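> curious how this folds, go ahead:
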Amino acid sequence: MRPFRVAILFTPLILLTTANAPAQEPDLSEGPVYVARDTEPQLKNETVVRQALMRSYPDALRLTGQDGTVIMWLLVEEDGTVGAHQVLVSGGNEAFDEAAQQVAEVMEFEPATRDGEPVAVWIQQAVKFKAGDLKIREQ
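Numbering: from 1, shown residues only. You can find the predicted model right below:
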């Protein structure tokens, strides 16, 4: 069996806000929106995620050497769990998209903070499936 690799690329979402933005918190349940924060979420269960990547890599795609990168939106809750996830950019195959969503469900983060307090935020997360190696990278 050929070795394979899978990578997680972490890309924080940064959006510009205007001076006239309302002071109230945005409704995170309606999808990805910017939430001000002082620190970004940090993945804390890399070993578990790596195991999920290995289990989730679609066999038919891995065996034929097909690679794919799925860019996802993740809602990282105040307790660091992933409360919701959406595929932003497909990995080019529905099987990669489904596998990436399975991986997202096991991710745990140190939550983002604002003024020293945890805050729920949407982030972009890349899940990269690459035949031949296994890696998790933050970007």
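
> next one: stretch 85-94 to chain centre, how far?
11 Å (CA atoms, centre = their mean, to the nearest Å).

> what's the average pLDDT for that stretch?
For stretch 85-94, the mean per-residue pLDDT is 96.

> give the buried residues for that stretch.
85, 87, 91, 93 (16 or more other CB atoms under 10 Å). In short, each C-beta sits where N, CA and C put it, glycine included.

> among those, which one sits closest to residue 128?
Nearest to residue 128 among the buried residues of stretch 85-94: residue 91, at 8.5 Å, using CB to CB.

> for the closest one, what are its contacts?
68, 69, 70, 97, 100, 127, 129 (CB atoms under 8 Å, 6 or more residues apart in numbering).

> can I assume the fourth one sits in a strand?
Translated: residue 97. No - Residue 97 is assigned helix when assessed by DSSP: H, G, I helix; E, B strand; the rest coil, not a strand.

> please report how far it lies from residue 35.
Distance, residue 97 to residue 35, using CB to CB, to the nearest Å: 25 Å.

> quick one on the thing from earlier: who wins for neighbours among the contacts of residue 91?
residue 127 (29 neighbours; other CB atoms under 10 Å).

> these two touch, right, that one and residue 74?
No - contact status for residue 127 versus residue 74: not in contact, 10.1 Å apart, counting by CB atoms under 8 Å.

> overlap in contacts, these two.
residue 104.

> show me where this protein has helices.
In the chain, the segments counted as helices under DSSP state H are 46-56, 59-63, 94-104.

> okay, the ones you listed in a markdown table with distance to residue 123 next?
Shown next, in a markdown table, are these (distance: least, CB to CB, whole Å):
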| stretch | distance to residue 123 |
| --- | --- |
| helix 46-56 | 14 |
| helix 59-63 | 26 |
| helix 94-104 | 11 |
